[in-house]
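Enquirer: heads up, no residue letters with this:
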């Protein structure tokens with residue numbers, strides 16, 4: 001009976017019996033389907049999509065993240081306005097830099113490798129060997145018994161030697177990971193034992209997989225009767241949190257593990273509904289996580305078993321210190337804590353001592369090491385040539401590095417201005433900084449990753465942890481004030497063993513970090529020379545485009561004001577329509593300093609009272625303070641004080657000045673001159689304040705005529 005009900009496949013030439021008990025319309029459709037199946041020819045070029053093709057990138061921006069991002073596209077398009085302006089400039093007959101052929105500047109531009117680059121001053125420093133680094137770390141560990149000594153590193157040939165489960169190995173194979181990196185070989189076996197870890201490695205060495213693989217392996221053996229949130233991963237920026245979330249979902253593709261993203265810029269209602277389901281792993285930014293801890297009911301961190309702090313030094317730099325302390329306090333004490341960073345600072349060491357329990361310290365590279373396959377180049381800016389920075393960067397982007405290029409600017413205003421300039425020069429460019437809403441930030445990052453734009457102008461928002469495949473060149477407008485910030489900037493290229501190039505403009509005041517870069521580099525540092533004729537040409541084009549840039553910025557500001565006014569109108573309309581519902585919502589709380597908390601409590605105290613009640617309450621508090629002041633015992637004074645009950649006219653105005661002058665006897669106990677004794681033996685109401693320097697008034701007869 002079971003064999004007769006087995007489902008079989010119908011061949012194209014096989015005749016199908018039509019059952020008469022069905023309706024006439026259904027039978028006609030069945031006949032048509034049989035005829036179409038007989039006449040259809042199978043497409044020989046058809047093939048199923050390979051899993052590796054579907055998930056070929058380490059970072060896949062999920063559609064639900066884009067849909068939940070706050071912000072909408074403005075009807076005023078900056079790209080369209082730049083394109084219109086560029087067409088008008090072309091019609092005017094002015095030659096644009098991107099239209100200039102290379103032959104025009106052949107006599108000025110240096111093409112040979114020997115002439116184009118020369119070794120910079122100070123690059124003859126002896127490179128520190130790995131054995132010296134290891135000895136230095138061992139000496140520091142001997143001085144401090146807080147850290148446990150790590151086991152000797154064992155190089156693994158593939159991931160199967162790390163005792164990982166088959167579903168995880170299958171996901172690793174589809175992502176294209178062939179051999180574990182050094183940080184992964186050292187971290188994964190220790191993390192599987194449940195020990196605390198403090199790891200430091202260079203950027204682009206696979207720190208995300210180093211802590212996610214042992215976490216997923218341990219979650220496979222969790223009790224599944226009741227859903228409980230067991231893992232918390234903290235990241236400093238939204239983009240980094242989204243990247244960690246995407247990589248984690250790719251690694252957990254064949255596992256029944258729920259991963260939730262809690263970051264700013266995304267709809268908070270969707271996040272609240274996800275938190276109610278108690279996901280196994282939460283990947284969050286500190287600010288939004290604290291917001292949910294204070295304002296989302298039935299959500300807490302008391303069941304967290306594994307806490308991961310990714311890029312901890314950046315979180316402390318962004319003034320998240322109070323939030324970090326509160327998050328660590330709410331987690332249970334018996335948890336496993338793993339701290340990962342590319343650089344170690346004093347604040348990170350303090351956080352390690354507070355949150356980790358006898359951790360294993362893993363230092364793969366020095367704090368100031370860059371990738372060995374990175375070619376560092378520097379352009380010297382003279383003191384009288386500081387205004388040439390934009391022209392030099394524009395020349396480099398338009399002539400040499402116009403594909404897969406990442407440009408770092410010091411400010412958001414400069415990044416936006418330079419993005420407009422590159423658009424007028426004909427380059428496909430985008431921008432990424434804090435003034436954009438979350439939708440625009442995700443769109444710019446996705447377009448650059450997919451190759452739809454060639455140059456991405458950004459601030460240090462992109463400098464930490466983001467793994468953007470295919471970045472060939474990193475150009476910096478200036479040398480960062482902190483050398484560790486420079487390490488993170490150039491770490492966006494030359495990742496995972498690929499070749500990369502970094503070009504940094506260095507002024508006279510920034511030569512200190514240049515010498516440090518030359519000292520710590522294992523590859524000779526080069527000095528790039530840009531011809532003065534090329535700089536002058538691009539300066540002229542920038543000057544010509546200033547008027548167009550100003551017009552675009554003005555139109556953009558007007559569109560922004562219109563958009564803001566529409567938002568205010570919508571907000572006022574919603575308050576009028578849904579007033580009772582909005583006012584019935586509980587007030588949201590937030591982490592504040594003690595002074596701010598007291599002021600907020602004082603404002604909440606008088607919020608729902610009338611003016612008369614507030615005035616009466618303040619008068620009562622004043623009376624209490626005055627009675628308390630009167631009951632307070634008076635201080636004994638050797639020279640007496642002025643009677644506060646009498647009115648001495650002008651003498652009363654000088655009370656504060658007189659009290660300071662009375663203390664001169666304490667300052668000069670050895671001075672027993674007649675003038676000073678007369679000053680203190682006189683009555684208090686006759687005391688005259690000492691004349692200030694320069695306050696001498698001559699008599700009338702001595703005045704100049």
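Expert: Yep, that arrived. Owing to the predicted nature of the structure, the values given are computational and were not obtained by experimental measurement.
Enquirer: domains in this structure, by residue range?
Expert: 95-124+373-551, 130-363, 650-686 (automatic domain parsing).
Enquirer: can you put those in CSV and add distance to residue 567 and mean neighbour count?
Expert: In this view, the C-beta of every residue, glycine as well, is placed from N, C-alpha and C. Output for the domains of the chain, formatted as CSV (distance: least, Cβ to Cβ, whole Å; neighbours: other Cβ atoms under 10 Å):
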stretch, distance to residue 567, mean neighbour count
domain 95-124+373-551, 12, 18
domain 130-363, 16, 18
domain 650-686, 52, 11
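Enquirer: among these, which is nearest residue 569?
Expert: Closest of the domains of the chain to residue 569 is domain 95-124+373-551, at 18.8 Å (criterion: Cβ to Cβ).
Enquirer: wait, is residue 282 part of a strand?
Expert: Yes. Assessed by DSSP: H, G, I helix; E, B strand; the rest coil, residue 282 belongs to a strand.
Enquirer: isn't it up against residue 228?
Expert: No. Residue 282 lies out of contact with residue 228 (Cβ atoms under 8 Å); the separation is 11.5 Å.
Enquirer: ok, now how distant is the nearest residue to residue 372 once chain neighbours are set aside from residue 370?
Expert: Spatial nearest neighbour of residue 372, chain neighbours left out: residue 522 (5.6 Å); criterion: Cβ to Cβ, 6 or more residues apart in numbering. Look at residue 522 and residue 370: by Cβ to Cβ, to the nearest Å, they are 8 Å apart.
Enquirer: shared neighbours of those two, anything?
Expert: Shared contacts of residue 522 and residue 370, defined by Cβ atoms under 8 Å, 6 or more residues apart in numbering, are absent.
Enquirer: what's residue 633 sitting at in phi/psi?
Expert: Dihedral pair for residue 633: phi -60, psi 140, per degrees, to the nearest 10.
Enquirer: how many neighbours does it have?
Expert: 5 (other Cβ atoms under 10 Å).
Enquirer: what does the helix or strand where residue 80 lies contact?
Expert: Assigned by DSSP states H and E, residue 80 belongs to helix 78-91. The contact list for helix 78-91 (Cβ under 8 Å, 6+ apart) reads 96, 420, 423-424, 426, 545, 548, 551-552, 555-556.
Enquirer: hmm, 7 Å instead?
Expert: Helix 78-91 is contacted from outside by 96, 420, 423-424, 426, 548, 552, 555-556, using Cβ atoms under 7 Å, 6 or more residues apart in numbering.
Enquirer: please narrow those residues to those residing in strands.
Expert: Within the contacts of helix 78-91, no residue falls in strands by DSSP state E.
Enquirer: save those as JSON lines, and put in distance to residue 634 and pLDDT too.
Expert: Listed next are the contacts of helix 78-91 as JSON lines, based on distance: Cβ to Cβ, whole Å; pLDDT from 0 to 100:
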{"residue": "96", "distance to residue 634": "83", "pLDDT": "48"}
{"residue": "420", "distance to residue 634": "71", "pLDDT": "94"}
{"residue": "423", "distance to residue 634": "75", "pLDDT": "92"}
{"residue": "424", "distance to residue 634": "77", "pLDDT": "92"}
{"residue": "426", "distance to residue 634": "82", "pLDDT": "90"}
{"residue": "548", "distance to residue 634": "75", "pLDDT": "92"}
{"residue": "552", "distance to residue 634": "71", "pLDDT": "93"}
{"residue": "555", "distance to residue 634": "70", "pLDDT": "91"}
{"residue": "556", "distance to residue 634": "67", "pLDDT": "90"}
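Enquirer: any chance of a markdown table for the residues you listed, columns distance to residue 493?
Expert: Below are these laid out as a markdown table (distance: Cβ to Cβ, whole Å):
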| residue | distance to residue 493 |
| --- | --- |
| 96 | 28 |
| 420 | 25 |
| 423 | 23 |
| 424 | 26 |
| 426 | 24 |
| 548 | 32 |
| 552 | 30 |
| 555 | 35 |
| 556 | 31 |
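Enquirer: start and end of stretch 519-539, how far apart?
Expert: With Cα to Cα, to the nearest Å applied, stretch 519-539 spans 34 Å between its terminal residues.
Enquirer: who are the packing partners of the helix ranked longest in the chain?
Expert: Assignment by DSSP state H gives helix 532-577 as the longest helix of the chain. Under the contact criterion of 3 or more Cβ pairs under 7 Å, 6 or more residues apart in numbering; DSSP states H and E, helix 532-577 touches helix 78-91, helix 389-395, helix 412-424.
Enquirer: any idea of the angle the last one forms with helix 532-577?
Expert: Right, the one you point to is helix 412-424. The directions of helix 412-424 and helix 532-577 differ by 110 degrees, with axes from the mean of the first three to the mean of the last three Cα atoms, to 10 degrees as the criterion.
Enquirer: what comes into contact with helix 412-424?
Expert: 82, 85-86, 89, 390, 394, 397, 407, 409, 429-431, 433-435, 455, 457-459, 477, 542, 545, 548-549, 552.
Enquirer: that one: what's the following helix or strand?
Expert: Taking DSSP H and E, what comes next after helix 412-424 is strand 429-432.
Enquirer: contacts for that next one, please.
Expert: 415-416, 419, 422-423, 441, 444-445, 447-448, 453-458, 461-462.
Enquirer: cool, stretch 496-516 as well?
Expert: Contacts for stretch 496-516 (Cβ under 7 Å, 6+ apart): 122, 204, 368, 373-381, 383, 386, 389, 392, 396, 471-479, 483, 486, 490, 493-494, 528.
Enquirer: what does stretch 440-459 give?
Expert: Identification of contacts with stretch 440-459 by Cβ under 7 Å, 6+ apart yields 59, 61, 66, 69, 71, 239, 397, 402-409, 412, 415, 418-419, 422, 427-434, 468-469.
Enquirer: for residue 261, pull up the helix or strand it's in.
Expert: Element membership of residue 261, judged by DSSP H and E, is strand 259-262.
Enquirer: in terms of secondary structure, what does that strand contact?
Expert: Using 3+ Cβ pairs under 7 Å, 6+ apart: strand 259-262 touches helix 238-251, helix 268-276, strand 281-284, helix 286-295.
Enquirer: next, the residue lying closest to residue 214 once chain neighbours are set aside: phi, psi?
Expert: Nearest non-adjacent residue to residue 214, counting by Cβ to Cβ, 6+ apart: residue 191, 3.7 Å away. Backbone torsions of residue 191, given as degrees, to the nearest 10, read phi -70, psi -30.
Enquirer: OK, contacts around residue 191?
Expert: Residue 191 makes contacts with 197, 211, 214, 338, as judged by Cβ under 7 Å, 6+ apart.
Enquirer: and the last one, which helix or strand is it part of?
Expert: Read it as residue 338. strand 336-341.
Enquirer: immediately after that strand, which helix or strand?
Expert: Later in the chain than strand 336-341, the nearest helix or strand by DSSP H and E is helix 346-355.
Enquirer: what packs against the helix or strand following that next one?
Expert: Using DSSP H and E, the next helix or strand after helix 346-355 towards the C-terminus is strand 360-363. The contact analysis (3+ Cβ pairs under 7 Å, 6+ apart) places strand 360-363 against helix 182-192, strand 197-200.
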